[in-house]
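Enquirer: Have a look at this prediction, sequence included:
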Amino acid sequence: MPELPEVETIAVELRQALIGVVIKDVVIRRTDFIRTKPRNLAARLRGKKIKTIEREGKRLQVKLAGDLECVIHLGMSGRVTLENPGSPLLPHTHVRIRFARFRKELRFRDPRRFGGLWFFDGRNGSARPLSRLGPDALSIRVPVLRAACKRRRQMKALLLDQQVISGLGNIYCDEALFGAKIHPLCLASDLTEPQVRNLACNIRKTLRNAIDSGGSTLRDFVNTDGSEGVFQKIHRVYGREGQPCPRCQTPIERIQCAGRSTHVCPCCQPWG
DNA sequence: AGTAAACTCCGGAAGC
DNA sequence: TGCTTCCGGAGTTTAC
(Lines give C-alpha, C1' and ligand atoms only; values in the text may rest on other atoms or scores of the structure.)
Protein backbone atom coordinates (compact mmCIF):
# COMPACT_ATOMS: atom_id res chain seq x y z
CA MET A 1 0.00 0.00 0.00
CA PRO A 2 1.91 3.00 -1.19
CA GLU A 3 1.35 5.89 1.19
CA LEU A 4 3.14 9.20 1.38
CA PRO A 5 6.48 7.79 2.60
CA GLU A 6 6.59 5.18 -0.16
CA VAL A 7 5.61 7.77 -2.77
CA GLU A 8 8.28 10.15 -1.50
CA THR A 9 10.87 7.37 -1.77
CA ILE A 10 9.75 6.60 -5.30
CA ALA A 11 9.89 10.28 -6.22
CA VAL A 12 13.49 10.54 -5.04
CA GLU A 13 14.55 7.45 -6.95
CA LEU A 14 12.77 8.39 -10.17
CA ARG A 15 14.22 11.89 -9.95
CA GLN A 16 17.75 10.55 -9.67
CA ALA A 17 17.25 8.31 -12.67
CA LEU A 18 15.00 10.20 -15.04
CA ILE A 19 15.49 13.97 -14.90
CA GLY A 20 16.66 15.09 -18.33
CA VAL A 21 15.92 11.71 -19.88
CA VAL A 22 14.05 11.69 -23.20
CA ILE A 23 11.02 9.51 -23.87
CA LYS A 24 11.32 7.16 -26.83
CA ASP A 25 7.88 5.61 -26.78
CA VAL A 26 4.96 4.55 -24.64
CA VAL A 27 3.22 1.19 -24.67
CA ILE A 28 -0.31 1.39 -23.32
CA ARG A 29 -1.50 -2.13 -22.60
CA ARG A 30 -4.70 -1.07 -20.85
CA THR A 31 -6.13 2.13 -22.19
CA ASP A 32 -8.47 2.68 -19.26
CA PHE A 33 -5.51 2.94 -16.92
CA ILE A 34 -4.88 6.32 -18.57
CA ARG A 35 -7.63 8.37 -16.96
CA THR A 36 -7.27 11.55 -18.99
CA LYS A 37 -5.18 12.37 -21.99
CA PRO A 38 -4.75 15.04 -24.61
CA ARG A 39 -5.21 14.10 -28.26
CA ASN A 40 -2.36 12.22 -29.91
CA LEU A 41 -0.73 11.50 -26.59
CA ALA A 42 1.70 8.86 -27.78
CA ALA A 43 2.97 11.05 -30.59
CA ARG A 44 3.28 14.05 -28.32
CA LEU A 45 5.27 12.15 -25.70
CA ARG A 46 7.84 10.94 -28.18
CA GLY A 47 11.06 12.91 -27.88
CA LYS A 48 9.95 14.83 -24.79
CA LYS A 49 12.40 15.42 -21.98
CA ILE A 50 11.46 14.85 -18.35
CA LYS A 51 11.88 18.16 -16.55
CA THR A 52 10.72 17.66 -12.95
CA ILE A 53 9.32 14.92 -10.71
CA GLU A 54 7.53 16.03 -7.56
CA ARG A 55 5.38 14.42 -4.93
CA GLU A 56 2.09 16.05 -3.98
CA GLY A 57 0.30 14.17 -1.22
CA LYS A 58 0.21 10.57 -2.38
CA ARG A 59 0.52 11.57 -6.03
CA LEU A 60 3.51 11.96 -8.29
CA GLN A 61 3.63 14.86 -10.69
CA VAL A 62 5.92 14.57 -13.69
CA LYS A 63 6.47 17.65 -15.84
CA LEU A 64 7.66 17.18 -19.38
CA ALA A 65 8.96 19.50 -22.03
CA GLY A 66 6.28 20.96 -24.25
CA ASP A 67 3.84 21.79 -21.44
CA LEU A 68 2.92 18.17 -20.90
CA GLU A 69 2.28 16.92 -17.41
CA CYS A 70 1.59 13.49 -15.97
CA VAL A 71 0.04 12.78 -12.59
CA ILE A 72 0.53 9.29 -11.20
CA HIS A 73 -1.66 7.90 -8.49
CA LEU A 74 -0.83 4.43 -7.19
CA GLY A 75 -4.06 3.69 -5.35
CA MET A 76 -3.92 0.54 -3.26
CA SER A 77 -1.90 -1.87 -5.31
CA GLY A 78 -0.03 0.35 -7.77
CA ARG A 79 3.68 -0.18 -8.37
CA VAL A 80 6.04 1.83 -10.51
CA THR A 81 9.39 0.29 -11.34
CA LEU A 82 12.43 0.79 -13.55
CA GLU A 83 13.28 -2.49 -15.22
CA ASN A 84 15.35 -3.98 -17.98
CA PRO A 85 13.24 -4.02 -21.15
CA GLY A 86 13.85 -7.74 -21.55
CA SER A 87 12.72 -8.75 -18.08
CA PRO A 88 9.45 -10.69 -17.96
CA LEU A 89 6.28 -8.61 -17.78
CA LEU A 90 4.49 -9.23 -14.54
CA PRO A 91 0.70 -9.55 -14.74
CA HIS A 92 -1.27 -6.30 -14.61
CA THR A 93 1.50 -4.24 -16.18
CA HIS A 94 -0.66 -1.59 -17.81
CA VAL A 95 1.83 0.94 -19.15
CA ARG A 96 5.48 0.89 -20.19
CA ILE A 97 7.57 3.95 -21.02
CA ARG A 98 10.84 3.49 -22.86
CA PHE A 99 13.57 6.03 -23.14
CA ALA A 100 16.29 7.13 -25.54
CA ARG A 101 19.83 6.59 -24.24
CA PHE A 102 18.55 5.20 -20.95
CA ARG A 103 18.61 1.46 -20.63
CA LYS A 104 15.72 0.80 -18.28
CA GLU A 105 12.05 1.22 -18.92
CA LEU A 106 9.40 2.55 -16.58
CA ARG A 107 6.57 0.13 -15.82
CA PHE A 108 3.25 0.67 -14.12
CA ARG A 109 1.55 -2.31 -12.50
CA ASP A 110 -1.70 -2.16 -10.63
CA PRO A 111 -3.76 -5.34 -10.15
CA ARG A 112 -6.74 -3.60 -8.58
CA ARG A 113 -6.58 -0.54 -10.81
CA PHE A 114 -7.54 1.94 -8.14
CA GLY A 115 -4.63 4.01 -9.37
CA GLY A 116 -4.02 5.50 -12.77
CA LEU A 117 -2.26 8.03 -14.93
CA TRP A 118 -3.60 11.48 -15.79
CA PHE A 119 -2.01 13.39 -18.65
CA PHE A 120 -2.56 17.10 -19.09
CA ASP A 121 -1.53 19.85 -21.40
CA GLY A 122 -2.61 23.48 -21.58
CA ARG A 123 -5.95 22.47 -23.05
CA ASN A 124 -7.37 19.85 -20.72
CA GLY A 125 -5.46 21.14 -17.73
CA SER A 126 -8.19 23.41 -16.49
CA ALA A 127 -10.72 20.63 -16.12
CA ARG A 128 -8.77 18.06 -14.19
CA PRO A 129 -10.97 15.34 -12.76
CA LEU A 130 -8.52 15.10 -9.89
CA SER A 131 -9.56 16.62 -6.60
CA ARG A 132 -7.69 19.58 -5.24
CA LEU A 133 -5.29 18.58 -2.52
CA GLY A 134 -5.02 20.17 0.89
CA PRO A 135 -1.64 21.19 2.32
CA ASP A 136 0.95 18.44 2.41
CA ALA A 137 0.98 16.34 5.57
CA LEU A 138 4.77 16.04 5.67
CA SER A 139 5.11 19.75 6.35
CA ILE A 140 1.77 20.41 8.04
CA ARG A 141 1.88 23.49 10.28
CA VAL A 142 -0.04 24.18 13.46
CA PRO A 143 -2.17 27.08 12.16
CA VAL A 144 -3.32 24.99 9.19
CA LEU A 145 -4.23 22.03 11.37
CA ARG A 146 -5.90 24.30 13.88
CA ALA A 147 -8.10 25.76 11.14
CA ALA A 148 -8.97 22.29 9.83
CA CYS A 149 -9.94 21.18 13.32
CA LYS A 150 -12.70 23.75 13.57
CA ARG A 151 -15.00 21.21 11.95
CA ARG A 152 -17.22 18.82 13.86
CA ARG A 153 -15.90 15.66 12.36
CA GLN A 154 -14.24 12.52 13.60
CA MET A 155 -10.54 13.21 13.84
CA LYS A 156 -9.45 10.31 11.68
CA ALA A 157 -12.03 11.01 9.00
CA LEU A 158 -10.69 14.54 8.83
CA LEU A 159 -7.08 13.37 8.49
CA LEU A 160 -8.02 10.93 5.75
CA ASP A 161 -9.68 13.69 3.71
CA GLN A 162 -7.09 14.57 1.07
CA GLN A 163 -8.75 17.90 0.42
CA VAL A 164 -8.13 18.92 4.05
CA ILE A 165 -4.60 17.52 4.44
CA SER A 166 -2.93 15.54 1.70
CA GLY A 167 -0.83 12.44 2.05
CA LEU A 168 -2.15 10.59 5.09
CA GLY A 169 -3.62 7.15 4.49
CA ASN A 170 -5.05 4.59 6.84
CA ILE A 171 -1.76 3.44 8.31
CA TYR A 172 -0.11 6.74 9.12
CA CYS A 173 -3.36 8.23 10.40
CA ASP A 174 -3.45 5.55 13.07
CA GLU A 175 0.24 5.98 13.83
CA ALA A 176 0.08 9.77 14.13
CA LEU A 177 -3.03 9.68 16.32
CA PHE A 178 -1.41 7.10 18.56
CA GLY A 179 1.71 9.26 18.78
CA ALA A 180 -0.41 12.23 19.83
CA LYS A 181 -2.53 10.11 22.20
CA ILE A 182 -5.72 11.17 20.45
CA HIS A 183 -8.62 8.78 19.89
CA PRO A 184 -9.57 8.50 16.19
CA LEU A 185 -13.26 8.96 17.00
CA CYS A 186 -12.68 12.25 18.85
CA LEU A 187 -14.38 15.23 17.28
CA ALA A 188 -11.75 17.46 15.72
CA SER A 189 -13.51 20.47 17.18
CA ASP A 190 -13.03 19.08 20.70
CA LEU A 191 -9.23 19.04 20.49
CA THR A 192 -7.40 21.34 22.87
CA GLU A 193 -4.67 23.67 21.64
CA PRO A 194 -1.91 21.46 23.06
CA GLN A 195 -3.48 18.45 21.34
CA VAL A 196 -3.50 20.25 18.00
CA ARG A 197 0.15 21.20 18.39
CA ASN A 198 1.05 17.68 19.46
CA LEU A 199 -0.82 16.16 16.54
CA ALA A 200 0.80 18.42 13.95
CA CYS A 201 4.18 17.44 15.36
CA ASN A 202 3.33 13.75 15.35
CA ILE A 203 2.03 13.77 11.78
CA ARG A 204 5.33 15.20 10.57
CA LYS A 205 7.41 12.97 12.82
CA THR A 206 5.56 9.77 11.87
CA LEU A 207 5.94 10.41 8.15
CA ARG A 208 9.54 11.55 8.39
CA ASN A 209 10.43 8.49 10.40
CA ALA A 210 8.77 6.22 7.85
CA ILE A 211 10.60 7.92 4.99
CA ASP A 212 13.94 7.69 6.76
CA SER A 213 13.62 4.04 7.71
CA GLY A 214 11.68 3.20 4.56
CA GLY A 215 14.42 4.44 2.30
CA SER A 216 16.86 1.92 3.64
CA THR A 217 14.57 -0.75 5.03
CA LEU A 218 12.43 -1.09 1.92
CA ARG A 219 15.49 -1.58 -0.23
CA ASP A 220 16.96 -4.18 2.13
CA PHE A 221 13.86 -6.26 1.86
CA VAL A 222 13.16 -6.06 -1.85
CA ASN A 223 12.07 -9.41 -3.26
CA THR A 224 12.05 -11.00 0.14
CA ASP A 225 9.15 -10.76 2.47
CA GLY A 226 10.03 -7.14 2.81
CA SER A 227 6.80 -5.46 3.69
CA GLU A 228 6.47 -7.67 6.74
CA GLY A 229 9.85 -6.69 8.10
CA VAL A 230 9.32 -2.99 7.58
CA PHE A 231 5.88 -3.23 9.03
CA GLN A 232 6.98 -4.63 12.35
CA LYS A 233 9.85 -2.20 12.55
CA ILE A 234 8.00 1.07 12.21
CA HIS A 235 4.33 0.58 13.00
CA ARG A 236 3.34 0.92 16.62
CA VAL A 237 -0.39 0.21 16.39
CA TYR A 238 -1.29 -0.52 12.78
CA GLY A 239 -1.80 -4.23 12.20
CA ARG A 240 -1.08 -4.99 15.85
CA GLU A 241 -4.50 -5.88 17.15
CA GLY A 242 -4.20 -7.82 20.39
CA GLN A 243 -0.49 -7.10 20.80
CA PRO A 244 0.71 -5.01 23.74
CA CYS A 245 0.84 -1.24 23.34
CA PRO A 246 4.51 -0.20 23.07
CA ARG A 247 3.86 2.50 25.69
CA CYS A 248 1.64 0.87 28.30
CA GLN A 249 1.32 -2.83 27.32
CA THR A 250 -2.49 -2.63 27.07
CA PRO A 251 -3.64 -4.79 24.13
CA ILE A 252 -4.18 -2.77 20.94
CA GLU A 253 -7.78 -2.76 19.79
CA ARG A 254 -9.14 -2.71 16.27
CA ILE A 255 -12.24 -0.60 15.68
CA GLN A 256 -14.04 0.89 12.70
CA CYS A 257 -13.69 4.58 11.87
CA ALA A 258 -14.69 6.30 8.66
CA GLY A 259 -15.32 2.84 7.22
CA ARG A 260 -11.70 1.87 7.78
CA SER A 261 -10.16 -0.59 10.18
CA THR A 262 -8.55 1.50 12.87
CA HIS A 263 -5.99 0.60 15.50
CA VAL A 264 -5.99 2.24 18.87
CA CYS A 265 -4.65 1.85 22.38
CA PRO A 266 -7.71 2.19 24.61
CA CYS A 267 -5.52 3.32 27.47
CA CYS A 268 -3.19 5.85 25.78
CA GLN A 269 -5.93 7.23 23.54
CA PRO A 270 -8.93 7.78 25.79
CA TRP A 271 -12.19 8.68 24.14
CA GLY A 272 -14.43 11.29 25.73
C1' DA B 1 -24.60 23.43 4.63
C1' DG B 2 -21.92 20.14 6.69
C1' DT B 3 -21.26 15.56 7.84
C1' DA B 4 -21.69 10.56 7.39
C1' DA B 5 -22.61 6.42 5.36
C1' DA B 6 -23.36 3.50 1.30
C1' DC B 7 -21.90 2.29 -3.17
C1' DT B 8 -18.49 1.80 -7.03
C1' DC B 9 -14.24 0.23 -9.11
C1' DC B 10 -10.97 -4.53 -8.60
C1' DG B 11 -8.21 -8.74 -7.34
C1' DG B 12 -5.36 -10.54 -3.54
C1' DA B 13 -5.65 -12.68 0.72
C1' DA B 14 -7.82 -14.79 4.37
C1' DG B 15 -11.25 -17.89 6.05
C1' DC B 16 -14.29 -21.66 5.82
C1' DT C 1 -9.02 -27.77 -3.18
C1' DG C 2 -12.38 -24.36 -4.08
C1' DC C 3 -15.60 -21.30 -2.85
C1' DT C 4 -17.09 -16.96 -0.27
C1' DT C 5 -16.01 -12.91 2.23
C1' DC C 6 -13.38 -9.05 3.44
C1' DC C 7 -10.62 -5.04 2.41
C1' DG C 8 -9.58 -0.35 0.78
C1' DG C 9 -8.30 5.14 -1.98
C1' DA C 10 -11.23 8.16 -3.48
C1' DG C 11 -14.97 9.80 -6.25
C1' DT C 12 -19.98 9.83 -6.39
C1' DT C 13 -24.46 9.41 -4.58
C1' DT C 14 -27.77 9.42 -0.97
C1' DA C 15 -29.46 10.42 3.57
C1' DC C 16 -29.63 12.71 7.82
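Expert: Perfect, thanks for sending it.

Enquirer: Identify the spatial nearest neighbour of whichever residue of chain A sits closest to DNA strand B, chain neighbours not counted.
Expert: Nearest to DNA strand B in chain A, going by CB to the nearest atom of the strand, is residue A:151, at a distance of 2.9 Å. Every C-beta, even on glycine, is put in place using the N, C-alpha and C of the backbone. Closest residue to residue A:151 apart from its sequence neighbours, by CB to CB, 6 or more residues apart in numbering: residue A:188 at 5.6 Å.

Enquirer: so what's that neighbour up against?
Expert: The contact partners of residue A:188, by CB atoms under 8 Å, 6 or more residues apart in numbering, come to A:148-155, A:158.

Enquirer: So what touches stretch A:202-212?
Expert: For stretch A:202-212, using CB under 8 Å, 6+ apart, the contacting residues are A:3-5, A:8-9, A:137-140, A:145, A:159, A:165, A:167-168, A:172, A:175-177, A:179-180, A:234.

Enquirer: Can you go through the residues you listed and name the buried ones?
Expert: Buried members of the contacts of stretch A:202-212, scored by 16 or more other CB atoms under 10 Å, are A:3-5, A:8-9, A:137-138, A:140, A:145, A:159, A:165, A:167-168, A:172, A:175-177, A:179-180, A:234.

Enquirer: quick one: which of these sit in helices?
Expert: A:4-5, A:8-9, A:145, A:159, A:172, A:175-177, A:179, A:234 (DSSP state H).

Enquirer: And for the residue of chain A closest to DNA strand B, the neighbour number?
Expert: Residues near residue A:151, counting by other CB atoms under 10 Å, number 14.

Enquirer: Am I right that it is in contact with residue A:191?
Expert: No. The pair residue A:151 / residue A:191 is not scored as a contact, 10.9 Å apart, by CB atoms under 8 Å.

Enquirer: For the one residue in the stretch 1-150 of chain A that gets nearest to DNA strand C, give me its contacts.
Expert: Nearest residue of the stretch 1-150 of chain A to DNA strand C: residue A:131, at 3.5 Å (CB to the nearest atom of the strand). For residue A:131, the contact set (CB under 8 Å, 6+ apart) comprises A:162-163.

Enquirer: Moving along the chain from the lowest-mean-pLDDT helix or strand in chain A, name the first helix or strand you hit.
Expert: For chain A, the helix or strand with the lowest mean confidence is helix A:226-234, at a mean of 54 (criterion: mean pLDDT, DSSP states H and E). Proceeding N to C from helix A:226-234, the next assigned helix or strand is strand A:253-257, under DSSP states H and E.
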